[in-house]
Every structure is written in C-alpha cells, then in structure tokens.
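Colleague: Turn this into a structure:
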Amino acid sequence: MRSTPFHFKNFSETIPQVWLGQLPRMCCLAMAVGSVVLWSSASPAATLMWNANTESDLAGYRVYQCTQLPCSRAAGTTSLLANLGTVTSFDIGTPTTVRYYVVTAYDFNNNESNDSNVATYTPPSAPPSPPVIGVSPTSLSFTAVQGSGNPSPQTLSVSNAGGGTLTWSSSDNASWLTHTPQSGTGNGTITVSVATDSLAAGTYTATLTLSATGAGSVSVPVTVTVTAPTVAYPPRPLNLQLRSVAPRGAR
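Modeller: Residues are numbered from 1 along each chain as shown. Presented below is the predicted three-dimensional model:
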C-alpha cells in the first residue's frame, strides 16, 4: 500500500497527486480511492476531489468529517458528511474552524473499505488590518512679529491608528516651512519650524503631507500670521498752557 498525506493547495498553485493507495478489502471488493486533493477555488471554500475508481462493482464513496484527531470511524470521532455516487468531487463548504476528512469506497453490497488517510482543512487567516496614519494636532498655527525673529518650533505626533506596520514619509510645500525627521516607522514626533524674517506682514498657509504604503496620505495645514511691528511715537507734550504776555513797552 502506498499513501501520502492530504494537503491543501491554494487555487493559484498546481494541484498535486495525493495517493490513498489500495483500501483494505471488505468481503469481496478491493477498492481504491486515488489522487485525492483538496482544492481551494475561492477562500475560504474548498472542494474534495479524487480520481475515479475503475472497478466495475464500485457503487460510490462516503465522505466523513471530524472536529478532532484522531479522525477515524474506529475512534468514533467521524460523522457522515456525504453518501455519494460515483462522482469524483465534493464541496466541503466554508468551514470556519479546522476540520478533518476521510473518504471510503463502497460496493453494491454495501461493503465499505477502511478509512483513507486524513485530510486537514484550516480556514485561511483574515488579512491583517492595514496601517492608518494618525496625527496630532491636525493643524498647526504660528504667529510672529515682523522683524522680531522666528516663533518657537512646534511638534506633530505621528501614530499608527490601524494594524500592520506604518512606514511613513513627509513633505511640505513652502520655502519658509521646514520639518524633521522626514520619514519614520511606527509612532514618532516631527518638529516643525517656520522662518518669518523674510515675510511681510500677512497670513501665509502651507501643507505638511504624510504618506505611507497601504495607508494613503494625511495633510496637515500650517498657518503663519505675521503682524507689523508697533510704531514707537515720541511722547506727547504735557501741561500745555497758554499765557498772556504783555507787549514790550507796555506798562
């Protein structure tokens, strides 16, 4: 007798030849189930498939299912899943937990072979959640007085609000705006600075953009308000009085 274990193949892979070999004789019939595979065409659905038995007195096949090992009729752990004719495949549906399967052949006198070796079905794992870029705060605002130096830098916190690994990069679109670092993995802090010495009084806007593979991009508005310096006037005269002065020569 020759046999190799069942195994599952993804629909994109070649279906292998998995032999069950000759099943033990039951009374009068030596029956075989050969080239049995489990094939997944659309996750998580799978189909049990085998080559046709060529013996003339073959009546069909029985598919048994187990929720635990050992999986065998002798161990009392099987439940009959399907009593089939001479078809060569069976859709096992979409199990949500691990399942085990054995196949037997039977003849017209209901003589049934021993169990085949066990095929194991494991549902595919759910794909991991994609990363999501999280930023705090969601906008930055600076104020400065023209000619009085640059305002203090501010920080922007970057975090992964989703799953997986967040590998991010950043850029900005204004000559007066700088930030560091410009890339990172996972959580991090970006220091944002603005140079206002060359800016006239007014309000300026720019955008700091963070992007990551699988996570899209997030835009952080940056606003700078530059005000004109206060003009210093000389102090106003105090105690202004009007006095009458007699003309010269008057007595």
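
Colleague: Can you list the low-confidence ranges for the stretch 1-150 of the chain?
Modeller: Scanning the stretch 1-150 of the chain for pLDDT under 70 picks out 1-44.

Colleague: ranges for the strands of it?
Modeller: Taking DSSP state E, counting those that start in this stretch, the strands of the stretch 1-150 of the chain run over residues 8-9, 34-42, 45-51, 58-66, 79-84, 89-93, 99-107, 119-121, 133-136, 140-145.

Colleague: export these to TSV and tack on distance to Ser157 and mean neighbour count?
Modeller: Every C-beta, even on glycine, is put in place using the N, C-alpha and C of the backbone. Below are the strands of the stretch 1-150 of the chain laid out as TSV (distance: least, CB to CB, whole Å; neighbours: other CB atoms under 10 Å):
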stretch	distance to Ser157	mean neighbour count
strand 8-9	44	15
strand 34-42	42	17
strand 45-51	44	19
strand 58-66	52	20
strand 79-84	54	14
strand 89-93	47	14
strand 99-107	46	22
strand 119-121	45	20
strand 133-136	5	16
strand 140-145	12	16
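
Colleague: Include distance to Ala174 when you put the ones you listed into JSON lines, please.
Modeller: Shown next, in JSON lines, are those (distance: least, CB to CB, whole Å):
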{"stretch": "strand 8-9", "distance to Ala174": "55"}
{"stretch": "strand 34-42", "distance to Ala174": "50"}
{"stretch": "strand 45-51", "distance to Ala174": "53"}
{"stretch": "strand 58-66", "distance to Ala174": "65"}
{"stretch": "strand 79-84", "distance to Ala174": "67"}
{"stretch": "strand 89-93", "distance to Ala174": "58"}
{"stretch": "strand 99-107", "distance to Ala174": "60"}
{"stretch": "strand 119-121", "distance to Ala174": "57"}
{"stretch": "strand 133-136", "distance to Ala174": "18"}
{"stretch": "strand 140-145", "distance to Ala174": "12"}
